[in-house]
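>>> show me the folded form of this:
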Amino acid sequence: MTARLTIVPLVLAGLLVAACDSKEAEKPALPAQGAAPTIPVPSNKGPGPQPGVKAGARDLSIERYVGTALPKQEAELGPRMSGTLATVDVEEGQMVKKGQVLFRLDARSTRLGVSQAETSLQGAQIARDNAKRELERQQQLAAKGTVAAAVLERAESAYNSAENGVSAATVALSMARRGTADSAVVSPIDGLVAHKFKDVGETVTMMPPTIVVVIQDQSVLEVRARIPEAALRLVHVGDQVTAHFSALGVSREAKVVRVQPTVDAATRTIEIVTDVENKDGALRPGMYVEIELRPPLASVLPGAEGSAPEPDAKAAPDAKAEVAKANPSKKAPSDPPPPSAGTH
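The predicted model follows:
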């Protein structure tokens, strides 16, 4: 019984010794006395920032900004007088030239007005001629001294009044003829009939204006897009950008023609206006467009808060210098040995 109790403590002691030995084996070996410690040198390998792009910055050349295509020129045409449409000479989708008649109003009432004005002018001219003859007769009598001065003055006044009547009748005739001309509306630009809202027989008014047709010049489209205010320093009038029409899978060059003078305080964006050639007519106003800035416009802007700081531009410290600092009494292994003392 005594021998068994003695063996148990011996076994436990052996197990403790074995555990201590295993922990000692796991510890890293200490460097030999006099050996220089190894300083890890940072490696230059691995992905780094692209040329011209700082750490924690975003490249505007890969960002696209949503815009809308609009016609470069658009004319919403209505009548210049109230009346009834007599003819509409165009259809939607038709190409028209500048000066081409688009629609006409019923001008019968205006033609009657012209006839009335012409008759009034003729009456005024007859009255003027009679007043002129009377004035000449009174002047002859006044020269002989057989008529009073007051009679001559009345004759002169009548003639002046008749002359003014002729002028007023002439103006009225011009206005009547102008009204007849206004019954026909012509296109102010070369373009395409985008919309036709009224047809023959419908009544249209000048006030409030009734839109009859809309003409658009689609040979050049105007693309408006809003970009962040931070990109304002990168965009200038005359710069080239790329316009992507995703619906058609088409990308075309665009030229910045205008940068709006104000920034939207709510969205912190500013609108830019670009022109895109559309001579083939493949593009349509109202289409969804994505504007992409590209070099040399494209640049980098500071990223959001919390972005990585810029890497230090200084070179990595020399490993030999680090060794010398760690062991002032030791020299780097690569240093040549000093000459032996006492030799001549």
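>>> could you check which helix or strand contains residue 104?
strand 101-105 (DSSP states H and E).
>>> all helices of this protein, in order?
Here the chain has its helices, by DSSP state H, at 2-26, 108-144, 149-182, 319-326.
>>> residue 212: neighbour count?
The local packing of residue 212 (other CB atoms under 10 Å) involves 23 other residues. In this view, the C-beta of every residue, glycine as well, is placed from N, C-alpha and C.
>>> state the distance from it to residue 286.
Separation of residue 212 from residue 286 (CB to CB, to the nearest Å): 21 Å.
>>> now residue 149
To residue 286, residue 149 is 79 Å away according to CB to CB.
>>> residue contacts, the residue nearest to residue 251 when sequence neighbours are not counted?
Nearest residue to residue 251, sequence neighbours excluded (CB to CB, 6 or more residues apart in numbering): residue 244, at 4.9 Å. Residues near residue 244 by CB atoms under 8 Å, 6 or more residues apart in numbering: 64, 250-251, 289-292.
>>> which of these are buried?
Among those, those that count as buried by neighbour count (16 or more other CB atoms under 10 Å) are 64, 289-292.
>>> of these, which belong to strands?
64, 289-292 (DSSP state E).
>>> mind putting those in TSV, distance to residue 196 and pLDDT included?
Shown next, in TSV, are these (distance: CB to CB, whole Å; pLDDT from 0 to 100):
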residue	distance to residue 196	pLDDT
64	36	86
289	27	95
290	32	94
291	32	91
292	37	89
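>>> with respect to residue 169, which of these is nearest?
Of all those, residue 289 has the smallest distance to residue 169: 58.4 Å, by CB to CB.
>>> the residue lying closest to that closest one once chain neighbours are set aside: how many residues sit nearby?
Spatial nearest neighbour of residue 289, excluding adjacent residues (CB to CB, 6+ apart): residue 67 at 4.4 Å. Residue 67: 26 surrounding residues under other CB under 10 Å.
>>> point out where this protein drops to low pLDDT.
Along the chain, the parts satisfying pLDDT under 70 run over 1-62, 294-344.
>>> hang on, residue 88 packs against residue 197?
No - checked against CB atoms under 8 Å, the pair residue 88 and residue 197 is beyond contact range at 10.0 Å.
>>> give me the common contacts of these two.
Listed contacts common to residue 88 and residue 197 are 212-213; contacts here mean CB under 8 Å, 6+ apart.
>>> comparing those two, which residue is more hemmed in?
Remark: of residue 88 and residue 197, residue 88 carries more neighbours, 18 against 14, as counted by other CB under 10 Å.
>>> how near is the more buried one to residue 192?
Distance from residue 88 to residue 192, by CB to CB: 16 Å.
>>> next one: residue 108
Distance, residue 108 to residue 192, by CB to CB: 32 Å.
>>> same deal with residue 116?
Taking CB to CB, one finds residue 116 at 41 Å from residue 192.
>>> ditto for residue 154
66 Å.
>>> looking at those two, which one has more neighbours?
residue 192 (19 against 13).
>>> re earlier: for the residue nearest to residue 289, give me its contacts.
Residue 67 makes contact with 223-226, 243, 274, 289-291, according to CB under 8 Å, 6+ apart.
>>> max pairwise distance over those: which two?
226 and 243 (14.4 Å).
>>> of the two, give the one with the bigger neighbour count.
The neighbour comparison of residue 226 against residue 243 (other CB under 10 Å) goes to residue 243, with 25 against 18.
>>> which non-adjacent residue is nearest that one?
residue 254 (4.3 Å).
>>> returning to what we had before: can you redo the contacts of residue 244 as TSV with distance to residue 84?
Shown next, in TSV, are those (distance: CB to CB, whole Å):
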residue	distance to residue 84
64	50
250	44
251	49
289	41
290	47
291	46
292	51
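>>> what about residue 140, how many residues close to it?
Residue 140, neighbours per other CB under 10 Å, totals 11.
>>> repeat that for residue 126.
12.
>>> mind checking how far it is from residue 116?
16 Å.
>>> and what of residue 205?
For residue 205, the distance to residue 116 - CB to CB - is 23 Å.
>>> next up, phi/psi of the closest residue to residue 198 other than its chain neighbours, please.
Leaving aside its sequence neighbours, residue 198 sits nearest to residue 212 (CB to CB, 6+ apart; 4.6 Å). In terms of degrees, to the nearest 10, the main-chain angles of residue 212 are phi -100, psi -50.
>>> wait, residue 212 sits on residue 84?
No - contact between residue 212 and residue 84 fails when scored by CB under 8 Å: they sit 12.0 Å apart.
>>> which residues are common contacts for those two?
Residues touching both residue 212 and residue 84 (CB under 8 Å, 6+ apart) are residue 204.
>>> now do the contacts for the spatially closest residue to residue 107 that is not a sequence neighbour.
Once flanking residues are discounted, residue 107 sits nearest to residue 183: 3.9 Å by CB to CB, 6+ apart. Residue 183 makes contact with 81, 83, 86, 104-107, 110, according to CB under 8 Å, 6+ apart.
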